[in-house]
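S.K.: pasting the sequence and the predicted coordinates here, then a few questions.
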Amino acid sequence: MTTVDPNFTTDADREARRARLFTRINAADKWFNVLGLAWVTPILKAAAGDNPRAQGKEIWRLLVVPLIAIVGFLLLWGTLAPKVQTSLGAVPGPAQVWEEAVNLHQDAQAKGVKQAKFEAMVDKRNQRLIDAGRADEVKDVAYTGAPSYYQQIWTSIKTVFFGFLVATAVAVPLGIAAGLSPTANAAINPLVQIFKPVSPLAWLPIVTMIVSAVYATNDGLFSKSFLISAITVTLCSLWPTLINTALGVASIDKDLVNVSKVLKMNTYTKITKLVLPSALPLIFTGLRLSLGVGWMVLIAAEMLAQNPGLGKFVWDEFQNGSSSSLAKIMVAVFTIGIIGFLLDRVMYALQSLFTFTNQR
């Protein structure tokens, strides 16, 4: 006679549910890494009962140690800052910088309300003219008030993405050509070696003069200041993408290249079906580097050219010389760093979506 364990089915179901749970956690781990939240995975695994001791070590490494480092940095900053005296007073500590961040937020809200009130007044005036049969007198009046902190952030983000997209449109085709053709590589490589080290400080006056001469009107689709900053970003940020694209294309498995010759693929099919899928990991590495370079270049360009954006905000506060200027500049520094991190995370997420591996 055989005996049947009445709990066998229950235990099997429990193990199956546990296995499904860990499968979901492991699937989500990739996106936690993309978002910079890798510490969430060991917490979830520990909560699910997967070797709490080992997961505790991971939580310590991924979460507790970085938090200790941040707290230590804040304590050191808060201790040393009051001891450093500048022409604008003592260097602000974390509390003063946070206070100015709150003030900038409140100021942005107040400016938003003021702008909305102005636009509502203009709309009301135009509607009265339309109701009176004077539609020909209707006109849009642009708001000329000072931009808020958030508007300056948005201006910088739009500018860097425009310059980055133009750089990508130029760099990727050139990189593919250089990777596929030794002759094209020989032609492009000297230009890369000459122009890659050029600082944005050198490009800026050249770009400013050319844009001012060619783009003679301010009534076009883009303002002159926008084009100057965006073109400077393009000229400085296209090189990492070009170099990595050429390297990725040149390093394609030779067997795949031979297969394309046997199948008699035309150039377009070869590039779309063979070259790009194989080279995408390195292309995205170049794109991430280019976007980071572009963001740094943009801030410098905005400061020097006095173009709208975060760079101009930093320079204006430096020139302002008020007691709160240094704290506002520090708020801008943290803002620039956080946005730079988020831009990199965006590119990393796209890389995870479109490539077969996150690392070459």
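M.R.: Here it is on my side, so go on.
S.K.: CA only for contacts and neighbour counts going forward, please
M.R.: Fine.
S.K.: isn't residue 233 up against residue 297?
M.R.: Yes - checked against CA atoms under 8 Å, the pair residue 233 and residue 297 is within contact range at 6.0 Å.
S.K.: who's more crowded, these two?
M.R.: When neighbours are counted by other CA atoms under 10 Å, residue 233 and residue 297 differ, and residue 233 comes out ahead with 33 against 24.
S.K.: what packs against the helix or strand where the more buried one lies?
M.R.: Following DSSP states H and E, one finds residue 233 within helix 224-250. If you count contacts as 3 or more CA pairs under 8 Å, 6 or more residues apart in numbering; DSSP states H and E, helix 224-250 packs onto helix 149-180, helix 200-214, helix 276-305.
S.K.: okay, those helices in CSV with mean pLDDT and distance to residue 350 next?
M.R.: Listed next are the helices and strands packed on helix 224-250 as CSV, based on pLDDT from 0 to 100; distance: least, CA to CA, whole Å:
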stretch, mean pLDDT, distance to residue 350
helix 149-180, 92, 14
helix 200-214, 86, 27
helix 276-305, 88, 8
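S.K.: looking at these, which is buried most?
M.R.: Ranked by mean neighbour count under mean count of other CA atoms under 10 Å, the helices and strands packed on helix 224-250 are led by helix 276-305, which reaches a mean of 23.
S.K.: how near is residue 289 to residue 168?
M.R.: Going from residue 289 to residue 168 by CA to CA, to the nearest Å gives 12 Å.
S.K.: now do residue 121
M.R.: From residue 121 across to residue 168, the span is 42 Å (CA to CA).
S.K.: circling back: could you give the mean pLDDT of the helix holding residue 233?
M.R.: Average pLDDT, helix 224-250: 90.
S.K.: what's the overlap in contacts for residue 233 and residue 297?
M.R.: Contact criterion CA atoms under 8 Å, 6 or more residues apart in numbering; residues shared by residue 233 and residue 297: residue 200.
S.K.: which residue sits closest to residue 140, ignoring its sequence neighbours?
M.R.: Once flanking residues are discounted, residue 140 sits nearest to residue 122: 7.5 Å by CA to CA, 6 or more residues apart in numbering.
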